[in-house]
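Participant: mind looking at a prediction? Sequence and model below.
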Amino acid sequence: MKRLLKRVWKTEQTVSESEVALFGGALRYDFGWVRHEYARLDTKFGQAALMVPTLVGSTLRLAWQADRRALLTIGIAEVGQSITQAAGLLVTNQVIQALLKDGDNASRLHAALPALIVGCIIAVVGTVLACLSTAGTGRLEPKVERLATEQFLEGAARAELEAIEDGEFRTLLDSAYFGAQSSRTMIGVCVAVVNGVFSLIAAAGVVTVLSPVLLPLLLLIALPRGWGAMHVARRRYASRMQWIEHERAKRLVNNLITARESATEIRVHQVGPFLLDHFHEMGQTAEAEQTRLADGRAVTELIAAAMAGLASAATFAGLGALWLTGHMSAATVATAALAIRTGSASLGALVDNILRLHEESLYVRDLDHFRDEAERRAIPTGGQPVSDFPDQVTFENVSFTYPERDTPALHEVNLTFPRGAVIALVGANGSGKSTAVKLLAGLHRPTAGRILWGQTDLVEADRVDIFRHVAALDQGFQRWPFTLRTNIQIGQPERNADDDITRAAAYSGADKLAAALPRGLGTLLARQFRGGQELSGGQWQTVGQARLRHRQASLVIADEPTSALDPEAEIESFERIRRLADEGKTVVLVSHRMAGVQHADIIYVLDEGHLVESGSHQELMARPDSPYRRMYLMQANQYGSTAPLVLPTPSANGESHAASTPD
Ligand SMILES: Nc1ncnc2c1ncn2[C@@H]1O[C@H](COP(=O)(O)OP(=O)(O)OP(=O)(O)O)[C@@H](O)[C@H]1O
């Protein structure tokens with residue numbers, strides 16, 4: 001027995017050899033909710049019970065916002081039920097008293113009849129109230145979940161990009177995600193807690209009315225039951241946490257074996273059998289762990305039941321003694337026994353529900369915290385209007401350091417983006433090009449220095465106005481799992497006319513792509529769904545450029561727009577983007593393809609966050625020690641000295657003709 005208890009109650013972590021080999025140990029997410037692991041195990045029941053009003057408060061506020069009628073219905077139904085419960089017990093007492101009176105059976109039954117009828121009416125009212133509460137809860141739960149999810153999504157969508165990239169905020173975001181689901185669960189649990197409290201008050205009230213001496217007896221039977229329920233709940237929580245860790249590891253391996261991204265290596269490198277072996281080993285460890293936990297639960301429940309049984313026996317012995325010594329009538333003893341049973345069952349359920357409430361509230365509190373934090377870090381609304389695109393946007397000694405980074409990504413940089421010009425940003429990997437365009441687009445605010453939109457400092461400007469002027473396509477632009485049409489329209493969702501979409505598609509060549517797809521522009525671009533199609537990287541860039549064109553913006557930012565295009569498509573693409581400047585748009589190009597940027601009006605060269613030079617292609621090529629010249633020649637030399645970089649030069653009428661580089 002001792003060995004069994006030791007085995008089932010051991011608390012140390014069981015990690016399979018496979019988990020150690022693949023992940024270096026148990027696979028734990030760095031998510032916020034993991035911070036709560038075992039939190040409740042350390043919480044005493046008293047502490048959890050004391051927190052109930054606070055925990056219930058925030059859920060009730062949400063419920064009040066979601067549907068106050070449903071909330072009021074539940075409240076009234078629950079209070080009504082507790083009244084019917086107490087009244088039912090008192091009426092039962094009347095019935096028993098009448099039945100135990102002197103006289104023949106018929107006269108005793110006659111005497112009991114009025115109380116019996118009242119009892120039936122009370123039971124019907126109680127049932128109707130319980131149904132009302134169930135209906136109200138069913139109506140309220142999805143609304144609360146929807147409201148909580150909307151508040152979560154709104155907070156996430158409005159947060160500054162800095163916040164989204166900040167590890168702490170992301171952690172909070174991930175944990176708050178569970179809060180929306182928990183808010184829904186909390187409604188049902190709150191109702192159960194309220195129900196439990198009222199039932200307990202009703203039972204205790206009746207017991208006190210019958211004989212105040214019975215109240216300690218109720219406690220005597222209820223306390224061990226409460227202790228048992230708490231112990232079982234705590235073991236269940238611990239078991240869930242351990243089980244989750246194994247499941248998480250197994251699910252990850254499972255996903256890796258079936259994922260499309262790993263399909264090539266799974267086959268060519270024969271990773272499949274390797275991972276399957278580990279999957280099998282992890283599965284066995286998990287099964288052993290589950291068996292151990294199930295044994296543990298059974299033992300705990302057995303002990304809890306035994307304790308509750310002993311307490312019941314002692315209580316009923318006490319009741320028997322009171323009856324035998326003439327301190328209590330048989331009718332009162334019977335009613336008291338009933339009230340004690342009802343009360344102790346309510347208390348057991350109450351303890352269980354309070355602990356569940358505490359567990360769920362951990363996630364709901366994360367959601368509350370996230371809402372506050374998201375509000376604090378939201379992109380500010382209002383500010384100085386920037387209704388017209390200015391003559392130029394200027395970076396004045398701009399520095400920027402990412403959160404959690406020591407070295408600045410941009411260091412006292414001065415840049416000018418004149419209206420209608422093509423500006424190229426070039427430089428080695430990590431030199432700060434993408435960071436500069438994110439600042440230009442208003443996605444980040446400088447850590448030092450100023451970005452001036454005309455005369456307006458970006459920090460004081462209405463950011464929504466700024467975003468309205470910007471169309472941006474970055475390296476990892478979103479490949480929405482929607483139709484081709486929506487993938488273009490989403491550049492400016494409110495422009496939905498067929499003509500606009502077709503024009504944008506024709507601009508980038510996405511019209512030819514659509515013609516080759518089974519449902520044209522209506523083809524779903526998501527292989528994971530039925531009828532969905534997958535595009536190649538280059539085809540996606542064509543779609544991205546159509547999206548860029550669809551957006552009616554004055555500042556067009558294209559960060560590596562051609563990296564996946566074939567040479568012919570790349571030439572066309574650069575030319576197309578450059579031509580946007582002819583319409584008065586300011587075009588900012590970030591690219592490693594020197595041939596593509598050489599026709600820009602201004603080329604800025606960045607190196608480790610510093611601006612090292614600027615000028616036109618001709619000016620930069622004329623400087624012997626120019627880093628731009630070095631990069632350009634390096635690329636040109638890859639094709640051999642007899643084949644210098646050749647790209648069409650845009651002509652005034654938009655047609656292109658080949659031109660060799662000046663070098
Ligand atoms: N979200 C981020 N959080 C923290 N650091 C970042 C983030 N994005 C970029 N950095 C860092 O900032 C520096 C500049 O990165 P940036 O992406 O602007 O370079 P880049 O010139 O666009 O590079 P590439 O040519 O490789 O795209 C790098 O050191 C990079 O590691």
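Facilitator: Perfect, I can see it now.
Participant: show the average pLDDT along stretch 500-514.
Facilitator: Averaged across stretch 500-514, the pLDDT comes to 93.
Participant: right, and Tyr632 touches Gln598 too?
Facilitator: Yes: Tyr632 lies in contact with Gln598 (CB atoms under 8 Å); the separation is 7.4 Å. Where you see a C-beta, it was placed from the backbone N, CA and C, and this is true even at glycine.
Participant: pick out the residue in the stretch 101-250 of the chain sitting closest to the ligand.
Facilitator: Closest residue of the stretch 101-250 of the chain to the ligand, CB to the nearest ligand atom: Glu165 (4.3 Å).
Participant: for the stretch 151-300 of the chain, just list every one of the helices.
Facilitator: 161-165, 167-210, 214-258, 263-268, 271-324 (DSSP state H, counting those that start in this stretch).
Participant: which helix or strand lies directly C-terminal to the last one?
Facilitator: Per DSSP states H and E, the first helix or strand lying C-terminal to helix 271-324 is helix 330-376.
Participant: what angle do that next one and helix 167-210 make?
Facilitator: Relative orientation of helix 330-376 versus helix 167-210 (axes from the mean of the first three to the mean of the last three CA atoms, to 10 degrees): 160 degrees.
Participant: export the next helix or strand after helix 330-376 as PDB, just CAs?
Facilitator: Downstream of helix 330-376, the next assigned helix or strand under DSSP H and E is strand 392-400. The C-alpha trace of strand 392-400 is given here as PDB (Å, rounded to 0.1, in the frame of the first residue of the first chain):
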ATOM      1  CA  GLN A 392       8.900  65.500 -49.000                       C
ATOM      2  CA  VAL A 393       9.400  63.200 -46.000                       C
ATOM      3  CA  THR A 394      12.600  63.800 -44.100                       C
ATOM      4  CA  PHE A 395      14.600  61.700 -41.600                       C
ATOM      5  CA  GLU A 396      16.500  64.100 -39.300                       C
ATOM      6  CA  ASN A 397      19.200  62.300 -37.300                       C
ATOM      7  CA  VAL A 398      16.900  59.300 -36.900                       C
ATOM      8  CA  SER A 399      18.100  56.500 -34.600                       C
ATOM      9  CA  PHE A 400      16.000  53.400 -33.800                       C
END
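Participant: state the mean pLDDT of strand 392-400.
Facilitator: For strand 392-400, mean pLDDT rounds to 96.
Participant: likewise for stretch 330-341?
Facilitator: What stretch 330-341 shows for mean pLDDT is 80.
Participant: flag every buried residue along that stretch.
Facilitator: Ala331, Thr332, Val333, Ala334, Thr335, Ala336, Ala337, Leu338, Ala339, Ile340, Arg341 (16 or more other CB atoms under 10 Å).
Participant: now, among those, which is nearest to Glu534?
Facilitator: Closest approach to Glu534 among these (CB to CB): Arg341, at 64.1 Å.
Participant: how much space is there between that closest one and Ile466?
Facilitator: In this view, Arg341 and Ile466 are 69 Å apart by CB to CB, to the nearest Å.
Participant: now Arg593
Facilitator: Distance check for Arg593 against Ile466: by CB to CB, it reads 28 Å.
Participant: neighbour count: those two, which is higher?
Facilitator: Ile466 (23 against 20; other CB atoms under 10 Å).
Participant: my guess is the more buried one contacts Glu460, does it?
Facilitator: No: in this structure, Ile466 is not within contact of Glu460 by CB under 8 Å, at 11.0 Å.
Participant: residues in contact with the nearest residue to Tyr363 once chain neighbours are set aside?
Facilitator: Once flanking residues are discounted, Tyr363 sits nearest to Ser182: 3.9 Å by CB to CB, 6 or more residues apart in numbering. Ser182 makes contact with Glu360, Ser361, Tyr363, Val364, Leu367, according to CB atoms under 8 Å, 6 or more residues apart in numbering.
Participant: between those, identify the one with the most neighbours.
Facilitator: The most crowded member of the contacts of Ser182, judged by other CB under 10 Å, is Ser361 (27 neighbours).
Participant: per-residue pLDDT, that residue?
Facilitator: 77.
Participant: show me the contacts for it.
Facilitator: Counted by CB under 8 Å, 6+ apart, Ser361 has contacts Met51, Leu55, Ser58, Thr59, Ser182, Met186.
Participant: please report how far it lies from Asp368.
Facilitator: Taking CB to CB, one finds Ser361 at 10 Å from Asp368.
Participant: residues contacting the residue of the stretch 101-250 of the chain closest to the ligand?
Facilitator: Glu165 makes contact with Tyr402, Pro403, according to CB under 8 Å, 6+ apart.
Participant: check Gly520 too.
Facilitator: By CB under 8 Å, 6+ apart, the contact set of Gly520 is Leu484, Ala514.
Participant: for it, give its distance to Thr483.
Facilitator: Computed with CB to CB, the distance linking Gly520 and Thr483 is 9 Å.
Participant: run a quick neighbour tally on the nearest residue to Leu367 once chain neighbours are set aside.
Facilitator: Closest residue to Leu367 apart from its sequence neighbours, by CB to CB, 6+ apart: Gly179 at 2.7 Å. Using other CB under 10 Å, Gly179 is surrounded by 27 other residues.
Participant: and the contacts of Ser361, which is closest to Ala505?
Facilitator: Nearest to Ala505 among those, counting by CB to CB, is Ser182 at 44.3 Å.
Participant: ok, and for stretch 155-170, which residues are buried?
Facilitator: Quick answer for stretch 155-170 (16+ other CB under 10 Å): Gly155, Ala156, Ala159, Glu160, Glu162, Ala163, Asp166, Phe169.
Participant: how about the residues you listed in TSV, adding pLDDT?
Facilitator: As requested, the buried residues of stretch 155-170 are exported to TSV (pLDDT from 0 to 100):
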residue	pLDDT
Gly155	91
Ala156	91
Ala159	91
Glu160	89
Glu162	84
Ala163	87
Asp166	78
Phe169	83
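Participant: quick one: which of those is nearest Gly584?
Facilitator: Set against Gly584, the nearest of the buried residues of stretch 155-170 by CB to CB is Glu160 (30.2 Å).
Participant: show me the contacts for that closest one.
Facilitator: Arg377, Ala378, Ile379, His444, Arg445.
Participant: for the last one, what are phi and psi?
Facilitator: Spelled out, that is Arg445. phi -110, psi 140 (degrees, to the nearest 10).
Participant: what's the answer for the first one, then?
Facilitator: For Arg377, the backbone dihedrals (degrees, to the nearest 10) come out as phi -100, psi 20.
Participant: give me every residue that touches the closest residue to the ligand within the stretch 251-400 of the chain.
Facilitator: Ranked by CB to the nearest ligand atom, the top residue of the stretch 251-400 of the chain for proximity to the ligand is Phe400, at 8.6 Å. Counting by CB under 8 Å, 6+ apart, Phe400 touches Pro408, Ala409, Leu410, Thr435, Leu439, His444, Pro446, Thr447.
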